[in-house]
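Visitor: this one's structure only:
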(Lines give C-alpha, C1' and ligand atoms only; values in the text may rest on other atoms or scores of the structure.)
Protein backbone atom coordinates (compact mmCIF):
# COMPACT_ATOMS: atom_id res chain seq x y z
CA UNK A 1 0.00 0.00 0.00
CA UNK A 2 3.03 2.23 -0.38
CA UNK A 3 1.65 3.59 -3.63
CA UNK A 4 -1.20 5.30 -1.76
CA UNK A 5 1.20 6.94 0.71
CA UNK A 6 3.24 8.36 -2.18
CA UNK A 7 0.14 10.08 -3.51
CA UNK A 8 -0.08 12.10 -0.28
CA UNK A 9 -2.73 10.22 1.79
CA UNK A 10 -2.42 7.57 4.52
CA UNK A 11 -4.79 4.61 4.49
CA UNK A 12 -7.23 4.29 7.33
CA UNK A 13 -7.21 1.13 9.45
CA UNK A 14 -10.41 -0.10 7.74
CA UNK A 15 -8.94 0.47 4.22
CA UNK A 16 -5.70 -1.25 5.23
CA UNK A 17 -7.61 -4.26 6.62
CA UNK A 18 -9.82 -4.44 3.51
CA UNK A 19 -6.82 -4.40 1.16
CA UNK A 20 -5.11 -7.22 3.11
CA UNK A 21 -8.35 -9.26 3.10
CA UNK A 22 -8.75 -8.83 -0.69
CA UNK A 23 -5.16 -9.91 -1.30
CA UNK A 24 -5.56 -12.94 0.95
CA UNK A 25 -8.78 -13.97 -0.81
CA UNK A 26 -7.21 -13.59 -4.20
CA UNK A 27 -4.06 -15.51 -3.35
CA UNK A 28 -5.72 -18.38 -1.44
CA UNK A 29 -6.44 -21.57 -3.35
CA UNK A 30 -9.67 -22.26 -1.44
CA UNK A 31 -11.76 -19.82 -3.44
CA UNK A 32 -13.21 -21.48 -6.61
CA UNK A 33 -14.40 -18.18 -8.11
CA UNK A 34 -12.03 -15.28 -8.63
CA UNK A 35 -12.45 -12.36 -6.26
CA UNK A 36 -12.53 -8.78 -7.49
CA UNK A 37 -9.31 -7.13 -6.31
CA UNK A 38 -9.80 -3.53 -7.26
CA UNK A 39 -10.00 -0.53 -5.03
CA UNK A 40 -11.47 2.83 -5.93
CA UNK A 41 -10.17 5.99 -4.32
CA UNK A 42 -13.23 8.03 -3.36
CA UNK A 43 -11.25 11.09 -2.28
CA UNK A 44 -11.41 13.75 -5.03
CA UNK A 45 -8.14 14.77 -6.64
CA UNK A 46 -6.69 18.04 -5.35
CA UNK A 47 -7.25 21.08 -7.53
CA UNK A 48 -4.01 22.69 -6.37
CA UNK A 49 -0.49 21.32 -6.79
CA UNK A 50 0.48 18.78 -4.13
CA UNK A 51 3.79 20.55 -3.44
CA UNK A 52 3.66 24.18 -2.39
CA UNK A 53 0.74 26.55 -2.64
CA UNK A 54 1.47 28.20 -6.00
CA UNK A 55 -1.38 28.48 -8.48
CA UNK A 56 -0.63 26.93 -11.90
CA UNK A 57 -0.20 29.37 -14.78
CA UNK A 58 0.64 29.17 -18.48
CA UNK A 59 4.36 28.95 -19.13
CA UNK A 60 6.28 31.25 -21.46
CA UNK A 61 6.69 30.28 -25.10
CA UNK A 62 4.19 28.44 -27.25
CA UNK A 63 0.80 27.74 -25.64
CA UNK A 64 0.11 24.14 -24.60
CA UNK A 65 -1.32 22.07 -27.45
CA UNK A 66 -1.13 18.59 -28.92
CA UNK A 67 1.98 17.25 -30.66
CA UNK A 68 0.22 17.31 -34.04
CA UNK A 69 -0.80 20.94 -33.57
CA UNK A 70 2.72 21.87 -32.44
CA UNK A 71 4.25 20.19 -35.51
CA UNK A 72 1.77 21.96 -37.79
CA UNK A 73 2.56 25.34 -36.21
CA UNK A 74 6.29 24.72 -36.66
CA UNK A 75 5.75 23.88 -40.35
CA UNK A 76 3.77 27.09 -40.85
CA UNK A 77 6.63 29.10 -39.34
CA UNK A 78 9.23 27.33 -41.51
CA UNK A 79 7.20 27.80 -44.72
CA UNK A 80 6.63 31.46 -43.87
CA UNK A 81 10.36 32.11 -43.51
CA UNK A 82 11.06 30.02 -46.62
CA UNK A 83 8.73 32.16 -48.75
CA UNK A 84 10.61 35.39 -47.96
CA UNK A 85 13.48 34.85 -50.45
CA UNK A 86 11.04 33.93 -53.22
CA UNK A 87 8.90 37.00 -52.56
CA UNK A 88 11.99 39.21 -52.39
CA UNK A 89 13.28 37.89 -55.72
CA UNK A 90 9.92 38.47 -57.40
CA UNK A 91 9.80 41.99 -55.97
CA UNK A 92 13.27 42.79 -57.30
CA UNK A 93 12.41 41.45 -60.76
CA UNK A 94 9.19 43.50 -60.90
CA UNK A 95 11.01 46.59 -59.65
CA UNK A 96 13.63 46.21 -62.40
CA UNK A 97 10.95 45.61 -65.03
CA UNK A 98 9.18 48.86 -64.16
CA UNK A 99 11.89 50.80 -66.02
CA UNK A 100 11.90 48.50 -69.07
CA UNK A 101 10.18 49.36 -72.33
CA UNK A 102 7.39 47.04 -73.53
CA UNK A 103 9.55 45.88 -76.46
CA UNK A 104 12.38 44.79 -74.17
CA UNK A 105 9.84 43.04 -71.95
CA UNK A 106 8.45 41.13 -74.95
CA UNK A 107 11.95 40.04 -76.00
CA UNK A 108 12.73 38.88 -72.44
CA UNK A 109 9.50 36.86 -72.30
CA UNK A 110 10.12 35.29 -75.72
CA UNK A 111 13.71 34.56 -74.73
CA UNK A 112 12.59 32.74 -71.58
CA UNK A 113 10.03 30.75 -73.59
CA UNK A 114 12.72 29.92 -76.15
CA UNK A 115 15.00 28.59 -73.41
CA UNK A 116 12.20 26.39 -72.06
CA UNK A 117 11.40 25.09 -75.55
CA UNK A 118 15.08 24.38 -76.24
CA UNK A 119 15.44 22.46 -72.97
CA UNK A 120 12.31 20.44 -73.80
CA UNK A 121 13.60 19.60 -77.29
CA UNK A 122 16.99 18.57 -75.90
CA UNK A 123 15.30 16.33 -73.33
CA UNK A 124 13.23 14.65 -76.06
CA UNK A 125 16.33 14.06 -78.20
CA UNK A 126 18.25 12.60 -75.27
CA UNK A 127 15.31 10.33 -74.42
CA UNK A 128 15.05 9.17 -78.03
CA UNK A 129 18.81 8.46 -78.13
CA UNK A 130 18.52 6.32 -75.00
CA UNK A 131 15.55 4.41 -76.44
CA UNK A 132 17.34 3.84 -79.75
CA UNK A 133 20.48 2.72 -77.97
CA UNK A 134 18.52 0.29 -75.80
CA UNK A 135 16.64 -1.11 -78.79
CA UNK A 136 19.92 -1.66 -80.70
CA UNK A 137 21.17 -4.03 -78.01
CA UNK A 138 20.57 -7.69 -78.76
CA UNK A 139 17.89 -9.49 -76.80
CA UNK A 140 19.20 -12.02 -74.33
CA UNK A 141 16.89 -15.01 -74.67
CA UNK A 142 17.67 -18.46 -73.38
CA UNK A 143 15.24 -21.22 -74.33
CA UNK A 144 15.62 -24.82 -73.19
CA UNK A 145 13.38 -27.38 -74.85
CA UNK A 146 13.10 -31.16 -74.82
CA UNK A 147 11.47 -32.79 -77.80
CA UNK A 148 10.38 -31.41 -81.16
CA UNK A 149 9.68 -27.67 -81.11
CA UNK A 150 8.38 -25.37 -83.85
CA UNK A 151 9.35 -21.68 -83.28
CA UNK A 152 7.65 -18.84 -85.17
CA UNK A 153 9.27 -15.42 -84.79
CA UNK A 154 7.34 -12.28 -85.80
CA UNK A 155 8.66 -8.70 -85.64
CA UNK A 156 6.82 -5.41 -85.94
CA UNK A 157 8.73 -2.43 -87.36
CA UNK A 158 7.14 1.01 -86.94
CA UNK A 159 8.32 4.20 -88.63
CA UNK A 160 6.71 7.57 -87.88
CA UNK A 161 7.37 10.60 -90.06
CA UNK A 162 5.92 14.07 -89.76
CA UNK A 163 2.60 14.54 -88.05
CA UNK A 164 0.90 11.19 -87.59
CA UNK A 165 2.26 9.43 -90.66
CA UNK A 166 3.00 5.91 -89.37
CA UNK A 167 4.18 2.91 -91.36
CA UNK A 168 3.87 -0.53 -89.71
CA UNK A 169 5.66 -3.50 -91.25
CA UNK A 170 5.21 -7.07 -89.99
CA UNK A 171 7.96 -9.53 -90.91
CA UNK A 172 8.64 -13.16 -90.08
CA UNK A 173 12.02 -12.32 -88.53
CA UNK A 174 14.07 -13.17 -91.65
CA UNK A 175 15.10 -10.23 -93.78
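Guide: Nice, thanks for sending it over. It should be emphasised that the depicted structure is a prediction, and the values quoted were computed from it without experimental measurement.

Visitor: Check the gap between residue 65 and residue 78 for me.
Guide: 17 Å (Cβ to Cβ, to the nearest Å). (Each C-beta comes from the backbone N, C-alpha and C, glycine too.)

Visitor: Can you pull the phi/psi pair for residue 140?
Guide: With angles defined as degrees, to the nearest 10, residue 140 sits at phi -100, psi 100.

Visitor: correction: residue 156
Guide: According to degrees, to the nearest 10, residue 156 has phi -120, psi 120.

Visitor: which residue sits closest to it, ignoring its sequence neighbours?
Guide: Counting by Cβ to Cβ, 6 or more residues apart in numbering, residue 170 is the residue found nearest to residue 156 once chain neighbours are left out, at 5.6 Å.

Visitor: residue contacts, the one you found?
Guide: Applying Cβ atoms under 8 Å, 6 or more residues apart in numbering, we find residue 170 in contact with 154-157.

Visitor: Pop out the phi and psi values for it.
Guide: Recorded main-chain torsions at residue 170 are phi -100, psi 130, according to degrees, to the nearest 10.

Visitor: quick check, nearest of the contacts of residue 170 to residue 97?
Guide: Proximity of those to residue 97 (Cβ to Cβ) peaks at residue 157, which lies at 52.6 Å.

Visitor: OK, contacts around that closest one?
Guide: By Cβ under 8 Å, 6+ apart, the contact set of residue 157 is 168-171.

Visitor: one more time with 10 Å, if that's ok
Guide: Residues in contact with residue 157, defined by Cβ atoms under 10 Å, 6 or more residues apart in numbering, are 167-171, 175.

Visitor: Paired strands for the helix or strand harbouring it, with orientation please.
Guide: When elements are assigned from DSSP states H and E, residue 157 belongs to strand 155-161. Strand 155-161 has its sheet partners listed here by DSSP bridges as strand 165-171 (antiparallel).

Visitor: re earlier: quick check on the contacts of residue 170: which are buried?
Guide: Buried members of these, counted by 16 or more other Cβ atoms under 10 Å: none.
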